[in-house]
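1. 3D, please:
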Amino acid sequence: MSHTTLVLIRHGQSQWNLENKFTGWVDVPLTAKGEEEAKAAGHLLANYKFDLAYTSKLQRAQNTLKMVLAESGNTNVPTIEDLALNERMYGDLQGLDKTETEHKFGVDQVKIWRRSYDIAPPNGESLKDTAIRVLPYYESTILPQLQAGKNIIVAAHGNSLRALIMDIEKMTPDEILAFEIPTATPRVYVFDENMNILEKRFLK
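-> This is a model prediction of the structure:
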């Protein structure tokens, strides 16, 4: 019986995670801590071998992936970058301090923007919008490779990964919004040949 592995990993701490700003599609770098987190994740994955890697068009995810692959001994893994895996676009909130934004718009309104499934911030995306972008890419590009027996790692972002996890684990919107995805902590899935989940866990 053949088993296939999919690893999802959120990027390490970014500069704007550290500064408590809404980041979205702004291409901010990892912090030194974020780089260390990525390397530590690579060590956790030392026993895993990947055939393909996917990431977004944003450097914090790309550099996390590079460090994870290097530290885990997965050299020369073909890597595909795609906009579909980018973080949720936060629109007018991008670059704003989260606490200042709460003072400006009110705590309740900001919570709705951050934690509702289908209400988007001004000129941005909701999680539902993000899923509409992420899932067709997964189903057309990544899933067929898994079905062909390839072991895959995806390095992306909190909300693009939420969209994926919601689909893979058949979660409701409420369940996925309450689901925390720590930085640089691999989420491992093992599937059977019919893509039934045999195992799912965070590696820590």
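2. Pull out the buried residues from stretch 71-87.
-> Neighbour counts over stretch 71-87 (16 or more other CB atoms under 10 Å) mark 71-72, 74, 77, 79, 81-82, 84-87 as buried. For every residue, glycine as well, the C-beta is placed using N, CA and C.
3. again, but for stretch 54-66
-> For stretch 54-66, by 16+ other CB under 10 Å, it's 54-56, 58-66.
4. Kindly report the same for stretch 16-32.
-> Buried-residue list, stretch 16-32, by 16+ other CB under 10 Å: 16-17, 21-26, 28, 30-31.
5. What of stretch 163-174?
-> If you call a residue buried by 16+ other CB under 10 Å, then stretch 163-174 has these buried ones: 163-168.
6. Show residues contacting it.
-> 6, 8, 117-118, 127-128, 130-131, 133-135, 138, 154, 156, 175-176, 179, 181, 187, 189, 197, 200 (CB atoms under 8 Å, 6 or more residues apart in numbering).
7. which residues of this structure score low on pLDDT?
-> 1 (pLDDT under 70).
8. give me that answer again for 90
-> 1-2, 115, 177 (pLDDT under 90).
9. can you give me the strands for it?
-> 4-10, 52-55, 79-81, 152-156, 187-191, 197-202 (DSSP state E).
10. and those, which is most packed in?
-> strand 152-156 (a mean of 26; mean count of other CB atoms under 10 Å).
11. Now distance to His103 too, for the strands of the chain, in a markdown table please.
-> Below are those laid out as a markdown table (distance: least, CB to CB, whole Å):
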| stretch | distance to His103 |
| --- | --- |
| strand 4-10 | 28 |
| strand 52-55 | 35 |
| strand 79-81 | 37 |
| strand 152-156 | 30 |
| strand 187-191 | 34 |
| strand 197-202 | 34 |
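12. quick one: which of the ones you listed is nearest Thr101?
-> Across those, Thr101 has its closest neighbour in strand 4-10 (21.8 Å, CB to CB).
13. Adjacent strands (with direction) for that closest one?
-> Its sheet considered, strand 4-10 pairs with strand 152-156 (parallel), strand 187-191 (antiparallel) by DSSP bridges.
14. how much does that strand deviate in direction from strand 197-202?
-> Interaxial angle, strand 4-10 versus strand 197-202 (axes from the mean of the first three to the mean of the last three CA atoms, to 10 degrees): 30 degrees.
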